[in-house]
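Asks: Predicted model and sequence follow; I will ask about them next.
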Amino acid sequence: MISKTNETIALPVKGMSCASCSARIEKKVGELDGVYLAKVNFAAEMATVEFDPEKISAEQFPEEIKKLGFEVPSVHETFPIEGMTCASCVSRVEKKLSSLPGVSDVKVNLATEQASIEYLPALIGFNGLKEALSNAGYHLRPAKSEEGLPSDEENRHLKELVTLKLKLIFSGFASILVMVLSMKGEGIALPLSLNLMLFLLATPVQFYCGGQFYRGAINGIRHGYADMNTLIAVGTSAAYLYSTVATFLSSWIRIADEKVEVYFDTSVMIIALVLLGRWMESSAKRSASNAIKKLMQLQPRTATVERQGEEIEISIAELIEGDRVWVRPGEQIPVDGKIFEGNSSI
């Protein structure tokens, strides 16, 4: 009796040349333990398998088909990723994606904030990839088309850069005021007490300008890791909270008649300096990303190949290993390869 928990998977199969090829695949896959039905449509180049996931994994089917000498083509797409801040984020994203069923290759670029993923759509789709990264604290966005330049992704980066710049200007200005008042404030006539003035200046810096560090730290704690955001949030919060207590409840920590010091200048200066570094990093990443995109646009989109004795022009995505590519004088070289005949200057 067939279990109600059975699943059905459809896999594209390339390389079949006759009906006996499809029969061989049906026989091989159908003999696997846990497989109830295996049908291969030669014309559509599609294999449909009904199986019990408790007995066999869907990942085994592409492997068994490849052992017979056929190909189960995978999809190679590039997805933008939000939330990466350092090299350890790249490592975590690659490790998480590589562990997913159907994913055969992952390369993550921190500079462009993109992940190049090779996967089998029959085993995992965009939603599965997105959910896995969301659980790790990152956000995967849909793959953008080749033609999509300039895109919404570019507008998002520009918006983030503008927001970061505004926070940097605000925190920098507030930091200067806090530093001046901390050093010279006792000799200046102020409408409020010195500590209260420092508190009012430091609070928006701590929670508006530094809010991204708290979000990053909370996200990391939820998913079981600590990063630079955690360090900044803990360090600045310690200085800010102690200074807040010293401002409003100084009697709790005063020893004898000693003056209670506050450290609002420490918290705001740390946030301002880190934001300066983040802004410089984002500007550099954007420049690097634009340079990479311009280089990619230089690659020709088509290539002239020799197949069955004829020269035909095809998309470079259709090139396969072993193709002979003709490059005439003045043309760009579409792919890497070996020179078989002819000579020219590059």
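Replies: Everything's here; your move. Numbers count the residues shown, from 1 in each chain.

Asks: Find the centremost residue of the protein, please.
Replies: The chain has residue 81 as the residue nearest its centroid, 3.0 Å off, counting by Cα atoms, centre = their mean.

Asks: Test my guess that that one contacts residue 113.
Replies: Yes - assessed by Cβ atoms under 8 Å, residue 81 is found in contact with residue 113 at 5.6 Å. Quick note: C-beta positions are derived from backbone N, CA and C, even for glycine.

Asks: re the thing from before, give me the element the residue nearest to the centre of the chain is part of.
Replies: strand 75-82 (DSSP states H and E).

Asks: Which of the residues in that strand are classified as buried?
Replies: 77, 79, 80, 81 (16 or more other Cβ atoms under 10 Å).

Asks: hey, what's the third one bridged with?
Replies: In other words, residue 80. residue 114 (DSSP bridges).

Asks: That one contacts residue 141, doesn't it?
Replies: Yes - using Cβ under 8 Å, residue 80 is in contact with residue 141, at 4.3 Å.

Asks: Next, find the distance separating the closest residue to residue 221 other than its chain neighbours from residue 220.
Replies: Once flanking residues are discounted, residue 221 sits nearest to residue 230: 7.2 Å by Cβ to Cβ, 6 or more residues apart in numbering. Using Cβ to Cβ, to the nearest Å, residue 230 is found at 6 Å from residue 220.

Asks: And residue 167, by the same measure?
Replies: Where residue 220 is concerned, residue 167 sits at a distance of 20 Å (Cβ to Cβ).

Asks: hang on, the earlier thing: what sits against the residue nearest to residue 221?
Replies: Going by Cβ atoms under 8 Å, 6 or more residues apart in numbering, residue 230 touches 216, 217, 220, 221.

Asks: Would you reformat those as a markdown table and include secondary structure?
Replies: A markdown table is the format used below for the contacts of residue 230 (DSSP: H, G, I helix; E, B strand; the rest coil):
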| residue | secondary structure |
| --- | --- |
| 216 | helix |
| 217 | helix |
| 220 | helix |
| 221 | helix |
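
Asks: Adding distance to residue 99 as columns, could you present the residues you listed in CSV?
Replies: Output for the contacts of residue 230, formatted as CSV (distance: Cβ to Cβ, whole Å):
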residue, distance to residue 99
216, 23
217, 25
220, 19
221, 22
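
Asks: Pipe those into TSV and attach pLDDT, distance to residue 55 and neighbour count per row.
Replies: Shown next, in TSV, are these (pLDDT from 0 to 100; distance: Cβ to Cβ, whole Å; neighbours: other Cβ atoms under 10 Å):
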residue	pLDDT	distance to residue 55	neighbour count
216	85	43	19
217	88	44	20
220	82	38	18
221	87	39	14
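
Asks: What is the nearest of those residues to residue 275?
Replies: residue 216 (13.0 Å; Cβ to Cβ).

Asks: didn't that closest one look like it was pressed against residue 226?
Replies: No - between residue 216 and residue 226 there is no contact under Cβ under 8 Å: 10.1 Å.

Asks: And the average pLDDT for the strand holding residue 81 is what?
Replies: Averaging pLDDT along strand 75-82 yields 87.

Asks: Can you tell me what sits against it?
Replies: Contacts of strand 75-82 (Cβ under 8 Å, 6+ apart): 93, 108, 113-121, 126, 129, 133, 138-144, 153.
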